[in-house]
Structures are given as structure tokens and as C-alpha cells.
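Student: this one's structure only:
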């Protein structure tokens, strides 16, 4: 029973992915995501800056901002 409990804990930790939040400019032409809301790359955003999961940003074709590489 102890082994079964340890296996369950192990597999639960593997399958529970931690979600990372990033910031994007909600502009139709925005192509980058940012790790911080005060990133220099967001200073030109004239639209709303929104918080999204990194998975969604990547799925939408966004890449990491060059200022944060």
C-alpha cells in the first residue's frame, strides 16, 4: 500500500503542470509575450496589456520578447 501511495504522488506531480503567467499587448499585430508587466517591450503598447498563460501565448504564435532573452 505504501508503494501504491508513493506512485500516485509521483504521477500526480508529473501530470500537474504548473501554469506560468505572461503578459501580452492585446493588439491584433502583437507578436511577443513578456515575463513581466513592466518589460521595456510593452512600453509601446497602445492597447490593453493582459495576463495570459504561457501555453495560450505560444499557441497564438507569440514568442518571447527580445528584451527578456
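Tutor: Cool, got the structure. This one's a predicted model, so the numbers in the text were calculated from it and none came from an experiment. Residues are numbered from 1 along each chain as shown.

Student: spatially central residue in the protein, please.
Tutor: For the chain, the residue nearest the mean C-alpha position is residue 54 (2.0 Å; CA atoms, centre = their mean).

Student: contact partners for that one?
Tutor: 19-22, 33 (CB atoms under 8 Å, 6 or more residues apart in numbering). In short, each C-beta sits where N, CA and C put it, glycine included.

Student: so which of those residues belong to strands?
Tutor: Among these, the ones falling in strands (DSSP state E) are 21-22, 33.

Student: buried among the residues you listed? Make that a PyMOL selection.
Tutor: The buried subset of these, as determined by 16 or more other CB atoms under 10 Å, is captured in PyMOL by this line:
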select buried, resi 22+33
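
Student: reformat the ones in strands among the contacts of residue 54 as CSV; add distance to residue 59 and pLDDT.
Tutor: Listed next are those as CSV, based on distance: CB to CB, whole Å; pLDDT from 0 to 100:
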residue, distance to residue 59, pLDDT
21, 15, 97
22, 12, 98
33, 11, 97
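
Student: okay if I get the ones in strands among the contacts of residue 54 as TSV plus distance to residue 60?
Tutor: Putting the ones in strands among the contacts of residue 54 into TSV (distance: CB to CB, whole Å) gives the following:
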residue	distance to residue 60
21	15
22	11
33	9
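
Student: helices of this structure, residue ranges please.
Tutor: 2-15, 54-59 (DSSP state H).

Student: where among those helices is average confidence lowest?
Tutor: Set side by side, the helices of the chain differ in mean pLDDT, and helix 2-15 is lowest with a mean of 53.

Student: how confident was the prediction at the closest residue to residue 48 other than its chain neighbours?
Tutor: Residue nearest to residue 48 in three dimensions, not counting chain neighbours: residue 26, with 4.6 Å by CB to CB, 6 or more residues apart in numbering. At residue 26, the model reports a pLDDT of 95.
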